[in-house]
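Undergrad: Sharing a model prediction with you, sequence too.
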Amino acid sequence: MLIASGLTAAFVVAGLSAWRLLKAPADAMAATHAARGRARGRRCSRRCRPVVGDFHGLNTLEHQPAKIAAMEAIWHTEKGVPLVLFAIPNEKTRTNDYAIEIPYGASLILKHDAKRGAEGPGRLRRRHPPVAPVFFAFRIMVGIGVLMIAVSWFTRG
């Protein structure tokens with residue numbers, strides 16, 4: 001939470017400063033704050049996010065396996081689980097329609113071993129969350145995070 005709030009604050013400062021620079025391009029203080037906000041966001045996103053994200057994912061896998069199964073659209077317990085980049089989760093058939101996958105990717109991310117298995121929500125039929133909203137919300141969250149990292153890396157300052 002602390003890293004997320006610090007990163008958000010850095011981007012708010014950078015964004016407000018950039019807005020101020022649009023109104024007053026000669027404002028040296030706004031330019032300084034924009035550069036500092038981007039630099040802080042760049043440092044935090046490069047160093048902290050991947051490590052903290054991995055620890056958080058491993059913790060969620062241990063304590064909330066049904067949530068991970070929904071986030072990754074894993075329907076059945078199996079070994080060498082692919083990472084689903086995009087799909088339309090189908091609750092009725094318990095499959096992913098129009099899936100674009102990376103073979104062994106989910107096992108590698110979740111277990112740090114491509115040959116290890118991942119648990120599907122099969123034994124948790126009544127308690128698992130609806131897959132589609134969790135699946136898409138997770139991808140939106142990751143997309144916003146990647147966008148924030150790209151902005152911090154590819155802007156001047």
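TA: Thanks, I have it.
Undergrad: could you point out where the protein is predicted with low confidence?
TA: Within the chain, the stretches with pLDDT under 70 are 1, 121-128, 156-157.
Undergrad: So I100 belongs to a strand, correct?
TA: Yes - per DSSP: H, G, I helix; E, B strand; the rest coil, I100 lies within a strand segment.
Undergrad: In terms of helices and strands, where is the most centrally placed residue in the chain?
TA: Of all residues in the chain, the one closest to the mean position by Cα atoms, centre = their mean is V142, 2.8 Å from it. Following DSSP states H and E, one finds V142 within helix 131-154.
Undergrad: which secondary structure elements does that helix contact?
TA: Using 3 or more Cβ pairs under 8 Å, 6 or more residues apart in numbering; DSSP states H and E as the contact definition, the elements that helix 131-154 packs against are helix 2-23, helix 28-47, helix 65-71, strand 83-90. Placement of C-beta: from N, CA and C, glycine included.
Undergrad: Turn the ones you listed into a markdown table, including distance to A106.
TA: A markdown table is the format used below for these (distance: least, Cβ to Cβ, whole Å):
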| stretch | distance to A106 |
| --- | --- |
| helix 2-23 | 24 |
| helix 28-47 | 23 |
| helix 65-71 | 9 |
| strand 83-90 | 5 |
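Undergrad: Hmm, G57 and I68 touching each other?
TA: Yes - between I68 and G57 there is a contact under Cβ atoms under 8 Å: 7.5 Å.
Undergrad: shared neighbours of the two, anything?
TA: In terms of Cβ atoms under 8 Å, 6 or more residues apart in numbering, I68 and G57 are both contacted by the residues L110.
Undergrad: Please identify which of the two sits among more neighbours.
TA: Taking neighbours as other Cβ atoms under 10 Å, I68 and G57 compare with I68 leading, 23 against 15.
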